[in-house]
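> Fold the following, please.
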Amino acid sequence: MREFGILSMECHHKGGGQNLILGLDGGTTSTVCICMPMFSFTNNSPPPDPPPVLAYVVAGCSNHNSVGETSAKETLERVMADALFKAGSTRSAVRAVCLAVSGVNHPTDQQRILSWLRTMGKLHGCVLIAGTGTIAYGYTEDGREARASGAGPVLGDWGR
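So this is what the prediction gives:
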């Protein structure tokens, strides 16, 4: 069996010293990963518009409710590893991962994703999603977390 994982890819490919961001959109239809450089805002100049995309990779379903946890995880790892390979880099250059995955609704789902993400390094950051539903979630390096989710139509979020 071929190993697709982002962790196994590290020993097969060396290169790139640039700090990178991976953006993943994992759904039932497809999973997309882009790899782009991280920009510094210390010199008061805006990043390029549009920002350069170093790699773009598409794979199949990563919703664990549709394909099972093992297959979903393999798909997510594969798109990240392939994007880093296409960008000529390795996971050691990744400074941020923006992960949007369908089917992560319950605390057990969240814990599975968090456990998997922790295998890649220190986990901290936050996300705010405002769309058909709304949610804010944050996790600190010392393990504290907070979550606030919208109440949908009850509070006027009709998803328009």
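> which residue packs closest to M38, ignoring adjacent ones?
Closest residue in space to M38, ignoring its immediate chain neighbours: N19 at 4.1 Å, by CB to CB, 6 or more residues apart in numbering. (C-beta placed from N, C-alpha, C; glycine too.)
> Hmm, the one you found is touching S89, no?
No. With contact defined as CB atoms under 8 Å, N19 does not reach S89; the gap is 9.6 Å.
> Which one of these two is surrounded by more residues?
The residue with more neighbours, out of N19 and S89, is S89; 23 against 14, by other CB atoms under 10 Å.
> Check whether that one sits in a helix, strand or coil.
Recorded secondary structure, S89: coil (DSSP: H, G, I helix; E, B strand; the rest coil).
> Next one: it from S40, what distance?
Distance, S89 to S40, using CB to CB, to the nearest Å: 18 Å.
> Repeat that for Q18.
From Q18 across to S40, the span is 12 Å (CB to CB).
> What's the mean pLDDT across stretch 84-95?
Averaging pLDDT along stretch 84-95 yields 92.
> next one: stretch 125-132
Here stretch 125-132 scores 67 as its mean pLDDT.
> Over to stretch 140-150?
Mean pLDDT, stretch 140-150: 77.
> now that stretch: how far from the chain's centre is it?
Computed by CA atoms, centre = their mean, to the nearest Å, the chain-centroid distance of stretch 140-150 equals 17 Å.
> send the alpha carbons of it over as PDB?
Once non-C-alpha atoms are left out, stretch 140-150 reads as follows in PDB (Å, rounded to 0.1, in the frame of the first residue of the first chain):
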ATOM      1  CA  THR A 140      -4.600  28.100  22.500                       C
ATOM      2  CA  GLU A 141      -1.200  26.500  22.600                       C
ATOM      3  CA  ASP A 142      -1.700  25.600  26.300                       C
ATOM      4  CA  GLY A 143      -4.800  23.600  25.500                       C
ATOM      5  CA  ARG A 144      -7.700  26.000  26.300                       C
ATOM      6  CA  GLU A 145     -10.500  26.200  23.800                       C
ATOM      7  CA  ALA A 146     -13.700  28.100  23.200                       C
ATOM      8  CA  ARG A 147     -16.600  27.700  20.900                       C
ATOM      9  CA  ALA A 148     -19.600  29.800  20.000                       C
ATOM     10  CA  SER A 149     -22.100  28.700  17.500                       C
ATOM     11  CA  GLY A 150     -25.000  30.400  15.900                       C
END
